[in-house]
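In: Predicted model follows, preceded by the sequence.
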Amino acid sequence: MKHDKVMNIAKKRGFLWSSFEIYAGVAGFYDYGPLGAILKNSIINKWREYYVVREGFYEIESPTVMPEEALKASGHVDNFTDPMTECKECLEVYRADHIIEEVIDKEVEGLTNEELTAMIADEEIGCPKCGSQLSRVWNYNLMFQTLIGAKGKKTGYMRPETAQGIFIPFKRLLRFFRGKLPFGVVQIGKAYRNEISPRQGVIRLREFTQAEAEIFVDPRDKTHRKFHEIKDNTLKLYPAEIQMNEGEPIEVSAGEALSKKIVSSQMLVYQLYLASEFLDEIGIPDDVIRFRQHLPTEMAHYAIDCWDVEVKTEKYGWVEIIGIADRTDYDLKSHTEHSNEDLRVFLEYDEPKQIKKLAVKPNMSKFGPSFKGDAPKILKALEDIDAESVRQSIENEGLFKLEISGNSYELLPEHVNFEEVDETVRGEKIFPHVIEPSYGIDRIIFSVLSHTFTEDKENEREYFRLPWDIAPVEVSVFPLLNKEELVKIALQINDDLRLDGFIAEFDTSGTIGRRYARSDEIGVPFAVTVDHESLEDNMVTIRNRDTTEQKRIPISDISEVLDSLMNYWIEFEDL
RNA sequence: GCAUCUGUAGUCUAGUCUGGUUAGGACUUGGGCCUUCCAAGCCUACGACCCGGGUUCAAAUCCCGGCAGAUGCACCA
């Protein structure tokens, strides 16, 4: 099976292997070896080229350990869990809510564990397998818990996604972007989920790398300035409706996806397009990817539209490698409620609006004496209350009651006057919506390896057809024969290439054919070979990994030629 | 988390049933010889019984426990 070959080479040649091997390993953890680490960096840097350089987003870095409050606000402490129950006899473990829902055919989401436990007892629900009694319900939270500080009083968690690290400092970010929407912030880093049983190699890790962009937009304006540039590009979409009717994915242009209301906004379509560009450039071709819309039932509670970019794999079928969601204002709203910090943005109108408005005018000569020291607080609170409701209350009931931090006050007609005022409104405060492309870097690396792996049966070659600019080793340098005079020149070329910034590998072991094969196997795009003629004419051959074709170039030009090739400024055939 | 199967160098494997020499081979890798362009040949070296306990004079081999992997079930913001 191709998959096994890829994973074997990855392990053997230093891309990927499971962690802690000498202690028998722990499921869900992988090391990146010497080549894997370079490949990962190249891909991440390519990602930065797209999102930071091209799109103009900025990158931040926040801690991987987060305090409980923050994750309480984001919903992860309460919702990133599954209620579990276990059969006391056969020890089978089940999702408690699923078991109950099957029997009573009703939604039980949101109930406490005690309530679920009670329901199991009341409905006399037993183990579906053996019918025995089920244990009480407990929560399995997918987050790794830890304790912060020497006394360990403060609970912390390893972050389950990098996104929260962007929402939390939103006020500072907003200031950095000088208060204007839209803007984007990205974070690349580790995230952690204590999966119950990770089993699909690098596809489901307990510690993994995410690259996420949070794009903050005006909820009323989800257009993209450059949409017209991409509207004719086709995308392979698999909308929810078609999935439910068991249809096939459709090919539509970005423009159509929007006009036919398949995707909910320009911004979202643009992000889908950007993802496909990115994948193509790192070696995952269009024909193995599709965009699958989340079904209403699988959509996270905070999202209104969500598309998974899926890549076809030989072993695991269609695998989600990127999620692109409209998270709306869920996170900012929630953090505002929990932190008491106003995470809204003031959006100025194009034209200030003149509006007539009823205003509450406190009569200070009565107000002050009545409320004394609390008067300022009450005045402040009044500002946020709709004047019309105050007036009605006073007219109908002769007073208006308001509560401020547990104290109750009564406004009497003598305390206030009402007045029609002309007010100039320059804008309003709103919660931005968030469009989020979220990349699973590890899965992408796996996909790159899988889809660039090439078996050339005719020539008995197996190699990674990695794009030239992400191959970990960029050039191999060989003496044709292991002769001192050739070795000397080859070594010199190798050192010079390294000085010029190339990752070059020198190799004299075995025959030239074996060395080409070794070099191909890890996807080195070019090989430079020194032969006897080089001694005469100061030229070497340069070999193209994909075609094994060779050209002869002057030793003094090697760096320049490689540079041009790597940047795709020239074609190998044109050398 | 449960069940079944599996676990010998980097890889593939012999040996395990029936306990008994220095755990054998092939490929790979390192060094050398040879070699004027795609895994050739020759010499040579390195390298393994998943971990822990038990039975036994003696355990890769039998027993128990653990760990890991594969598969199925369950789970998968």
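Out: Thanks, I have it.
In: ok, A:Ile250 - how many residues close by?
Out: 17 (other C-beta atoms under 10 Å). (Glycine included, C-beta is placed from N, CA and C.)
In: What strand or helix carries the residue in chain A that RNA strand B sits nearest to?
Out: Going by C-beta to the nearest atom of the strand, RNA strand B is nearest to A:Gly513 of chain A, at 2.4 Å. According to DSSP states H and E, A:Gly513 maps onto helix A:512-521.
In: what about the residue nearest to A:Lys72 when sequence neighbours are not counted, how many neighbours?
Out: Leaving out its chain neighbours, the residue that sits closest to A:Lys72 by C-beta to C-beta, 6 or more residues apart in numbering is A:His338, at 6.7 Å. A count of nearby residues for A:His338, using other C-beta under 10 Å, gives 13.
In: ditto for A:Leu480
Out: Neighbourhood size, A:Leu480 [other C-beta under 10 Å]: 18.
In: was I right about it contacting A:Asp531?
Out: Yes - A:Leu480 is in contact with A:Asp531 according to C-beta atoms under 8 Å; the separation is 4.2 Å.
In: Give the rounded mean pLDDT of whatever helix or strand A:Gly156 lives in.
Out: For A:Gly156, the element it lies in under DSSP H and E is strand A:154-158. Average pLDDT, strand A:154-158: 88.
In: before we move on, what about stretch A:179-196?
Out: Throughout stretch A:179-196, pLDDT has a mean value of 92.
In: Go through it and flag the buried ones.
Out: Applying a neighbour-count criterion of 16 or more other C-beta atoms under 10 Å, one finds A:181-189, A:191-194 buried in stretch A:179-196.
In: Then stretch A:503-518?
Out: In terms of neighbour count (16+ other C-beta under 10 Å), stretch A:503-518 has its buried residues at A:Ala504, A:Glu505, A:Phe506, A:Asp507, A:Thr508, A:Ile512, A:Arg515, A:Tyr516, A:Ala517, A:Arg518.
In: From one end of that stretch to the other, what's the distance?
Out: Stretch A:503-518 has an end-to-end distance of 16 Å (criterion: C-alpha to C-alpha, to the nearest Å).
In: Return, as residue ranges, the portions of the stretch 151-300 of chain A with sub-threshold pLDDT.
Out: Scanning the stretch 151-300 of chain A for pLDDT under 70 picks out A:152.
In: Point out the residues in it that sit beside RNA strand B.
Out: Residues of the stretch 151-300 of chain A found near RNA strand B (C-beta under 7 Å from any atom of the strand) are A:Pro160, A:Arg193, A:Glu195, A:Ile196, A:Ser197, A:Arg199, A:Gln200, A:Gly201, A:Arg204, A:Glu298, A:Ala300.
In: what do you get for the stretch 351-500 of chain A?
Out: A:Ser438, A:Asn459, A:Glu460, A:Arg461, A:Glu462, A:Leu480, A:Leu481, A:Asn482, A:Lys483.
In: Name the single longest strand found in chain A.
Out: Using DSSP state E, we find that the single longest strand of chain A is strand A:345-362.
In: Quick one: list the elements packing against the following helix or strand past that strand.
Out: The helix or strand immediately downstream of strand A:345-362 is helix A:364-371, counting by DSSP H and E. Judged by 3 or more C-beta pairs under 8 Å, 6 or more residues apart in numbering; DSSP states H and E, the packing partners of helix A:364-371 are helix A:375-383.
In: Could you check the angle the next helix or strand after the helix it packs on makes with strand A:345-362?
Out: Heading C-terminal from helix A:375-383, the first helix or strand you meet, by DSSP H and E, is helix A:387-397. Here the directions of helix A:387-397 and strand A:345-362 differ by 30 degrees (axes from the mean of the first three to the mean of the last three C-alpha atoms, to 10 degrees).
In: now helix A:387-397: mean pLDDT?
Out: Helix A:387-397 comes out at a mean pLDDT of 77.
In: Give me the contacts around it.
Out: For helix A:387-397, contacts defined as C-beta atoms under 8 Å, 6 or more residues apart in numbering pick out A:357-360, A:382, A:399-401, A:411-413, A:416, A:418.
In: Can you say which of the residues you listed are buried?
Out: By neighbour count, with 16+ other C-beta under 10 Å, the contacts of helix A:387-397 hold A:Val360, A:Leu382, A:Phe400, A:Leu411, A:Val416 as buried.
In: list the contacts for the most centrally placed residue in chain A?
Out: Centroid check for chain A by C-alpha atoms, centre = their mean gives A:Ser438 as the closest residue, at 2.0 Å. With C-beta under 8 Å, 6+ apart as the criterion, the residues that contact A:Ser438 are A:Glu161, A:Ala163, A:Gln210, A:Ala211, A:Glu212, A:Ala213, A:Ile322, A:Gly323, A:Ile324, A:Ala325.
In: Show me the domain layout of chain A.
Out: Chain A breaks down by automatic domain parsing into domains covering A:2-69+A:146-331, A:81-140, A:349-427, A:473-574.
In: what's the span of the shortest one, first residue to last?
Out: In this case it means domain A:81-140. One end of domain A:81-140 to the other measures 5 Å (C-alpha to C-alpha).
In: ok, now the longest one?
Out: Distance between the two ends of domain A:2-69+A:146-331: 42 Å, counting by C-alpha to C-alpha.
In: Can you give the distance from that domain to the centre of its chain?
Out: For domain A:2-69+A:146-331, the gap between its own C-alpha mean and the chain's C-alpha mean amounts to 3 Å (C-alpha atoms, centre = their mean, to the nearest Å).
In: can you pull out the helices in the stretch 51-200 of chain A?
Out: Under the criterion DSSP state H, counting those that start in this stretch, the stretch 51-200 of chain A contains helices at A:68-73, A:76-79, A:96-104, A:113-122, A:164-167, A:170-176.
In: any weak-confidence spans in the stretch 1-150 of chain A?
Out: Counting by pLDDT under 70, the stretch 1-150 of chain A has low-confidence residues at A:87-93, A:101-111, A:127-132.
In: any chance you could map the strands in it?
Out: For the stretch 1-150 of chain A, the strands defined by DSSP state E, counting those that start in this stretch cover A:16-18, A:30-32, A:58-60, A:65-67, A:81-86, A:93-95, A:138-141, A:145-148.
In: which SS state does the residue nearest to the centre of chain A fall under?
Out: strand (DSSP: H, G, I helix; E, B strand; the rest coil).
In: so A:Ile230 sits right up against A:Met267, yeah?
Out: No - using C-beta under 8 Å as the test, A:Ile230 is too far from A:Met267 to be in contact (11.8 Å).
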